[in-house]
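[1] Using only what follows, build the 3D model:
(2 chains)
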Amino acid sequence: MAGRRLPAELGYVLPLLGLMLAAFVLPIGLMLARSVLNPGPPPEPTLEHYQALLETAVYLRVLGRTFRIALVTTVACALLGYPLAYWMRGLPPQRQVLAVALVVLPFWISILVRTYAWIVVLGNAGLVNRLLLDLGLVAAPVAFLYNETGVIIGTTNVLLPFLVLPLFAAMLRIDPRLLQAAESLGASRFTVFRRVFFPLSLPALAAGAILVFILTFGFYITPAILGGGRVPMVANALDLLINQFARWEAAAALSTILLVVTLVCFALSRWVGARGATS
Amino acid sequence: MSSIRLDGVARRYGAVAALEDVSLEVAQGEFVTILGPSGSGKTTMLTVVAGLNRPTAGRILIGGRDVTDLPAAQRNIGLVFQSYALFPHMTVADNIAFPLSVRGVAAGEARRRVAEALARVRLEGFERRKPSQLSGGQQQRVALARAIVFSPDILLLDEPLGALDRKLREEVQIELRRLQRDLGITTVLVTHDQEEALSLSDRIVVLSEGRVQQIAAPQEAYRRPRNRFVADFLGTANLFEGRVAEDAGALLLADGTRLRCDTTGQSPGRPVTALIRPECLRLAPPGPDGLAARVAEVIYLGQSVRYHLDSAAGPLVAAAVDRRGGFAAGDAVALDWDAADAWMIPG
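    Numbers count the residues shown, from 1 in each chain, chains lettered A, B, ... in the order given. Here you go, the predicted structure:
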């Protein structure tokens, strides 16, 4: 019976399915194909594009940098986001709503505006450097911008909510009676946190961290502006390959590597999430 | 093993009083139940004793020591939550070992005591399970094992049987009572289930709106309630309002009906409320003696029968052991009782 009804139900899904196929699956398929085909005619399968990528130091450096930035951003988001989420959990409900609104607020401001704002804040004549100089803490302006530090500050700023919101939600779901029980059984506040609260929040922290890690891979504007062209990440390299050099095959191969890494991370996050759900 | 004493304990939230002037003494080894409807403050009372909630007035003494300002972690109290509050990320063994490990008990000794506690609640072999792999009854027993494994001074139970089905609940009640006797541990149980309170405890504390209504042995509270709330809350109450008759030995209702009563110590003419429990009312065919009534409804309960009756004194309930030759709806009957079974409620 379900089988007979299926075609009718399929009708509702068809428009979206068509759109997904035409706008998403097909381009990705073409990209994958391009990365393993010689531009004929006739097209022949080859791995030379990957070989060329892996033999060119500059691409390996870009890939390595992208990983490094993603990793540091993830750690920074975790170190900043965990205490923030923990603090929010302890607030009275009305203040929690306010805190969530403040965390979400940056989503409403264009990423371009936010990124340029960092130049005003972190530039050589920016707010932070002037303060440091006036206080006599440094003799010369600190170079926050146009290096990896600047890019990481930018990515961390953009991605922090992606870690804080799910983590905060998961912390709210931790039954306060578990903490009371631990306390009544003789555990100090710190032991309650270390042995009960933190382990229970860990799956959400891990899932959030992997999300941040994956999202950092795709950053284009932040490294372009805050890196000043000196800190190209994978997306910037793709831009160069396509728009400057028209090397579509190399771009396809690089994109494929990025896609595979992202899928592996995604699988990892699903695995962590599933483990969190069963415990 | 310790006694507990509450001295004028109160807990207010702003203008709302969850507990008001509660004083109670629980002797060493005693099993006391706090009984009340939801919102009566009984769980607040338990959390105040446990140290999870600070009283706004009064003192709490455990074993003669003032613990009012002592944090929960230092009170050495075994607490079983209604939701069991087992740590979901730990195995059964780790859950039970938790209070031992935070006290720095060596691993070998802890293993031995965990095994002993599991044996006490008859869950040997469950060490490596996760709480999510246990049934409600098993989780309840793990929570109990965790609460007794570190030999606490007192044991506090918050509706520990509430989530269990009826048959399992009766089993666990018996086990709980046996365990409490074996350990000789001072125990305070909170429940809204009066049957549980009556069957388990040495004494019950009836609580309503944050105030103690009566502290008495179960039978005493049931048969000789101190006020109307206790009379109504425990079991079914047939209440008669009237005045003590001039010629003693009877209660005079507003319509002139005389009810046989033990009026010793009551001054004539004083307005009183009398309580007769359903099982104290005897039904007989209509005759010159007794209170005339008509059977409105007969409810069959297996081992007993409940009669809902209409009488001059208002609707009444009688309970009788089921036998052949009972009454049917519509029958006229005469009600009779022993004068000693009609209790004058003092409050």
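
[2] I'd like the distance between residue A:146 and chain B.
    45 Å (CB to the nearest CB, to the nearest Å). Heads up, the C-betas are built off the backbone N, CA and C, glycines and all.

[3] ok now do that residue, which residues does it touch?
    By CB atoms under 8 Å, 6 or more residues apart in numbering or on different chains, the contact set of residue A:146 is A:226, A:227, A:228, A:230, A:231.

[4] of the residues you listed, closest to residue B:306?
    residue A:226 (80.5 Å; CB to CB).

[5] How many neighbouring residues does that closest one have?
    27 (other CB atoms under 10 Å in any protein chain shown).

[6] Could you do residue A:31 as well?
    Neighbours of residue A:31 using other CB under 10 Å come to 16.

[7] and stretch A:65-79, average pLDDT?
    Averaged over stretch A:65-79, pLDDT sits at 96.

[8] What residues sit buried inside it?
    A:65, A:66, A:67, A:69, A:70, A:72, A:73, A:74, A:76, A:77, A:78 (16 or more other CB atoms under 10 Å in any protein chain shown).

[9] Residues contacting it, please?
    A:148, A:151-152, A:155-156, A:159-160, A:162-163, A:205, A:208-210, A:212-213, A:216-217, A:219, A:223, A:231-234.

[10] mind listing which of those residues are in helices?
    A:148, A:151-152, A:155-156, A:159-160, A:162-163, A:205, A:208-210, A:212-213, A:216-217, A:223, A:234 (DSSP state H).

[11] among the residues you listed, which ones are buried?
    A:148, A:151-152, A:155-156, A:159-160, A:162-163, A:205, A:208-210, A:212-213, A:216-217, A:223, A:234.

[12] Could you look up the SS state of residue B:293?
    strand (DSSP: H, G, I helix; E, B strand; the rest coil).

[13] contacting residues for it?
    B:309, B:310, B:311, B:312, B:316, B:332, B:333, B:334, B:335.

[14] which element is the second one on?
    Residue B:310 is located in strand B:304-311, with elements delineated by DSSP states H and E.

[15] got the buried residues of stretch A:65-79 as TSV, with secondary structure columns?
    Shown next, in TSV, are the buried residues of stretch A:65-79 (three-state DSSP):
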residue	secondary structure
A:65	helix
A:66	helix
A:67	helix
A:69	helix
A:70	helix
A:72	helix
A:73	helix
A:74	helix
A:76	helix
A:77	helix
A:78	helix
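
[16] domain ranges for chain B?
    For chain B, automatic domain parsing gives the domain ranges B:4-230, B:236-338.

[17] deepest of these, which one?
    domain B:4-230 (a mean of 19; mean count of other CB atoms under 10 Å in any protein chain shown).

[18] Make a markdown table from the domains of chain B and add distance to residue A:198 and mean pLDDT to it.
    Formatted as a markdown table, the domains of chain B follow (distance: least, CB to CB, whole Å; pLDDT from 0 to 100):
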| stretch | distance to residue A:198 | mean pLDDT |
| --- | --- | --- |
| domain B:4-230 | 10 | 93 |
| domain B:236-338 | 52 | 87 |
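
[19] Kindly present these as CSV, with separate columns for distance to residue A:242.
    CSV is the format used below for the domains of chain B (distance: least, CB to CB, whole Å):
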stretch, distance to residue A:242
domain B:4-230, 48
domain B:236-338, 83
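
[20] pLDDT below threshold where in chain A?
    Across chain A, the ranges flagged by pLDDT under 70 are A:1-6, A:40, A:276-279.

[21] Find the centremost residue of it, please.
    residue A:215 (2.4 Å; CA atoms, centre = their mean).

[22] ok, it touching residue A:162?
    Yes - look at residue A:215 against residue A:162 with CB atoms under 8 Å: they come within range, at 6.4 Å.

[23] residue farthest from the centroid of chain B?
    Distance to centre of chain B, CA atoms, centre = their mean, peaks at residue B:288 (40.7 Å).

[24] where exactly do the helices run in the stretch 101-250 of chain B?
    B:107-120, B:136-148, B:166-183, B:194-200, B:218-223, B:228-233 (DSSP state H, counting those that start in this stretch).

[25] now do the stretch 101-250 of chain A
    Secondary structure of the stretch 101-250 of chain A by DSSP H, counting those that start in this stretch: the helices cover A:111-122, A:127-134, A:148-173, A:176-184, A:189-192, A:198-217, A:221-226, A:234-239, A:248-278.

[26] Backbone torsions only: list them for residue B:336.
    For residue B:336, the backbone dihedrals (degrees, to the nearest 10) come out as phi -140, psi 160.

[27] Run through the residues that contact the residue nearest to the centre of chain A.
    A:159, A:162.

[28] Kindly recompute the last result at 10 Å.
    A:70, A:73, A:74, A:77, A:155, A:158, A:159, A:162, A:163, A:262, A:265 (CB atoms under 10 Å, 6 or more residues apart in numbering or on different chains).
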